[in-house]
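Undergrad: here is my input, please return the structure:
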Amino acid sequence: MDDAATQRRFTEAYESDSIDSDEMATALKRYDSLDSDGKREFDDLLARNGDDAAEFAGRTDSDTFDSTFRGCGLSSAPSLGAAGSLRSDRYHSVATPSPSLQSDNGCLPDKLGLSGSEKSKYLSALNAGVDVDSGPITSADELEGLLDDLQGRDGFDEIDEIVRDIQGNKKGFKGLSGEGYVGRALDDRAEIDANDGDVALEKDLSADDIADEYSQDIADDVENSDAFKNVDSARGGSSSDIDAKVNTEVEINGRTLEDPAIESKNLDPDSAEFFRIDNWNGLKKKLRTHAVAGEDEIVVAMDQDYIDVEANRLGGSSSSSSREVLSNRLENDIETTLADELGISKDVTVEVTSYGDI
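TA: Residues are numbered from 1 along each chain as shown. As a prediction, the model looks like this:
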């Protein structure tokens, strides 16, 4: 693709309202400033992604654009993936590298050992962060800094696998942000050390866990019931896991819990009620599975604004805090469902808390 062809693609993006006139001028100026290798990489990106690549060139900050095509960027990655959200300041120039992205050991995706397709998906998730305005982390730079921090700590060897498994979209960004934030916050506590095994991210749950806790019949009933999250992926879809498993005492909301399972639900308080209901039902299924797999104490970390909005939707009383409303609802749901579906009597403690108080 020559310069004239590239300009035509930028013009097409302008005519389709993907970029405005100022953004098109910025995109052309940046493209013209690239050397032949950089132009070839951008032409590659433009051929694969069309208007999305034009948006990236016109809307991202200059350091991001420079390093994407001169340093630690999309070279050899097959696709940007996330459409329409290429505006985050994901990267910094090679001349002034971000400590979260570049170090003596290279780029974070390279340090994590990501393949080209995995890097593309990861970058797509970072790009989608431009649409995130709630939760513990709301920018790509913050997320990269968090991941680089965790990758450099002892006790978080699973970070590379967690990044490989994310979705290349807003959901992936928020999931990785919430889970990573919880892991770091726990490890930062004086009494907790991930290197000693006090906290582990994404602990998989299996039918064997349920069979060991109760019986194989109960495990089979769980696997065949729509009231629980999948285990072992036998019914298709993703299997259930614990976002952060604490293997020591931890204080949450002023209460001391012993070896709790922690679920991160990084949800948007401004989402439509339909989506909040759907997310709430999904959360209940997952926590029921936690409980039947042996977890007696469960923590749910959420955005405080979401906690307040959801408690209001559920008709919480004025005499109870929003956290208490959600905690009580979840406790009652777990205990009632286990009794009705499986004939199990079990006392469960649920503590809903904010990310800031983890």
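Undergrad: for stretch 143-153, buried residues please.
TA: 143-151, 153 (16 or more other CB atoms under 10 Å). The C-beta positions use only the backbone N, C-alpha and C, and glycine is treated the same way.
Undergrad: hmm, I was thinking of stretch 301-321
TA: Buried, per 16+ other CB under 10 Å, within stretch 301-321: 301-311, 316.
Undergrad: cool, and stretch 322-339?
TA: Quick answer for stretch 322-339 (16+ other CB under 10 Å): 322-327, 329-331, 333-335, 337-338.
Undergrad: quick one: the buried residues of stretch 143-153 as CSV, columns for distance to Glu273 too.
TA: Formatted as CSV, the buried residues of stretch 143-153 follow (distance: CB to CB, whole Å):
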residue, distance to Glu273
Leu143, 28
Glu144, 33
Gly145, 34
Leu146, 31
Leu147, 33
Asp148, 37
Asp149, 36
Leu150, 34
Gln151, 38
Arg153, 39
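Undergrad: among these, which are in helices?
TA: Cross-referencing the buried residues of stretch 143-153 against helices under DSSP state H gives 143-151.
Undergrad: farthest pair in those?
TA: Leu143 and Gln151 (12.2 Å; CB to CB).
Undergrad: and the closest residue to Val231 other than its chain neighbours, how far from Ile344?
TA: Excluding the flanking residues, the one nearest Val231 by CB to CB, 6 or more residues apart in numbering is Ala207, at 5.0 Å. The gap separating Ala207 from Ile344 is 16 Å, by CB to CB, to the nearest Å.
Undergrad: and for Ala227?
TA: Taken as CB to CB, the span from Ala227 to Ile344 is 12 Å.
Undergrad: of Ala207 and Ile344, which one has the most company?
TA: Between Ala207 and Ile344, counted using other CB atoms under 10 Å, Ala207 has the larger neighbour count: 19 against 16.
Undergrad: the more buried one and Asn230 touch, don't they?
TA: No. Taking CB atoms under 8 Å as the definition, Ala207 is not a contact partner of Asn230, at 9.9 Å.
Undergrad: joint contacts of these two?
TA: Glu223 (CB atoms under 8 Å, 6 or more residues apart in numbering).
Undergrad: what helix or strand is Ala200 on?
TA: strand 199-204 (DSSP states H and E).
Undergrad: what pairs with that strand, parallel or antiparallel?
TA: Here strand 199-204 has these sheet partners by DSSP bridges: strand 241-246 (antiparallel).
Undergrad: check the offset of the strand it pairs with from the chain's centre.
TA: 14 Å (CA atoms, centre = their mean, to the nearest Å).
Undergrad: remind me what whichever helix or strand comes after it packs against, helices and strands.
TA: Downstream of strand 241-246, the next assigned helix or strand under DSSP H and E is strand 249-252. If you count contacts as 3 or more CB pairs under 8 Å, 6 or more residues apart in numbering; DSSP states H and E, strand 249-252 packs onto strand 255-258.
Undergrad: among the ones in helices among the buried residues of stretch 143-153, which one lies nearest to Asp187?
TA: For those, the nearest to Asp187 is Leu150 (8.2 Å; CB to CB).
Undergrad: surely the closest one touches Gly183?
TA: Yes. Contact criterion CB under 8 Å: Leu150 and Gly183 qualify, at 6.3 Å.
Undergrad: who touches both of those two?
TA: With CB under 8 Å, 6+ apart, Leu150 and Gly183 have common neighbours Phe156.
Undergrad: so which of the buried residues of stretch 301-321 are in strands?
TA: 301-302 (DSSP state E).
Undergrad: does Ala211 sit in a helix, a strand or a coil?
TA: Secondary structure, DSSP: H, G, I helix; E, B strand; the rest coil: Ala211 is helix.
Undergrad: what is the least confident helix or strand in the protein?
TA: Ranked by mean pLDDT, DSSP states H and E, the weakest helix or strand in the chain is strand 102-103, scoring a mean of 43.
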